[in-house]
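In: my questions are about this predicted structure, shown below with the sequence.
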Amino acid sequence: MVIAVSTIARKTMGWRCGEAFQENLDRLTIALAKGASMGLITYLVIKLVGVAHDNEWAYLATGWGQWFMLEIGIGVILPLILFARAIHHNRVGLARFAAFMTVFGIVLNRLNTALISFNWNLYQEIPHWKEVMVSVTIFALYIVTYRFILYRLPILYRLKDLKEVATETELAEEPGGLREGIAAPSGAYRIADVE
């Protein structure tokens, strides 16, 4: 999820991202892909142990078992293969694609667990439009809140320290400085004041 969210943030809010974020994102994406691979392997083993513990291998031949195998194949095994190739060949784009596939697999698993496993006799209809609107509204609130946080907090960039602000102010005040003709803000610090 961190790989997916950082990719979306870089694409949609690139102007807000600092140099350190931009320069380190590819390296961190590969490092996070290694961690995601370990998590996916653990998840796959837990799923297989769950089937083996009750000795319910025969259920995999049924329609619901094939749906379970499709979920595991698309949401776990295929992303594992893609993560392995991305890590081995240092392909950041492939790691990001695998991360989005993993998120899709997790969402599919949650839908299967909530709608099919618990309510398979009761829930054999298309959700009402009001349920869909409530879900869309909740996710829209998540996105708006996250964007609000990214706009106002130094998450994607680093705040300038007092010395950097003082240096810029000093340059603005000097004749022939970088910003000649622009008045320094009132109450600006000088380097002598900071040290």
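Out: Looks like it arrived, so ask away. Numbering: from 1, shown residues only.
In: need phi/psi at the residue nearest to residue 14 when sequence neighbours are not counted.
Out: Distances taken as CB to CB, 6 or more residues apart in numbering place residue 22 nearest to residue 14, at 7.8 Å, with adjacent residues excluded. Where C-beta positions appear, they are placed from N, C-alpha and C, glycine not excepted. Torsion angles at residue 22 (phi, psi; degrees, to the nearest 10) stand at phi -60, psi -40.
In: I'd say residue 22 and residue 9 touch.
Out: No. The pair residue 22 / residue 9 is not scored as a contact, 11.1 Å apart, by CB atoms under 8 Å.
In: quick one: which of these two has more around it?
Out: With neighbours defined as other CB atoms under 10 Å, residue 22 and residue 9 compare such that residue 9 has more, 19 against 13.
In: quick one: pLDDT of that one?
Out: Listed pLDDT for residue 9 reads 85.
In: now do the SS call for residue 157.
Out: Following DSSP: H, G, I helix; E, B strand; the rest coil, we place residue 157 in the coil state.
In: now do the helices in the chain.
Out: 2-12, 19-53, 63-72, 78-89, 92-111, 129-152, 162-173, 191-194 (DSSP state H).
In: dump the ones you listed to TSV, plus distance to residue 118.
Out: Listed next are those as TSV, based on distance: least, CB to CB, whole Å:
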stretch	distance to residue 118
helix 2-12	27
helix 19-53	16
helix 63-72	13
helix 78-89	26
helix 92-111	11
helix 129-152	16
helix 162-173	56
helix 191-194	62
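In: what's the closest of the ones you listed to residue 117?
Out: Ranking the helices of the chain by proximity to residue 117 (CB to CB) places helix 63-72 first, at 8.9 Å.
In: where does pLDDT dip in this protein?
Out: 119-125, 159-162, 164-166, 168-169, 171-195 (pLDDT under 70).
In: change it to 80
Out: Flagging of the chain using pLDDT under 80 yields the residue ranges 14-16, 114-127, 154-195.
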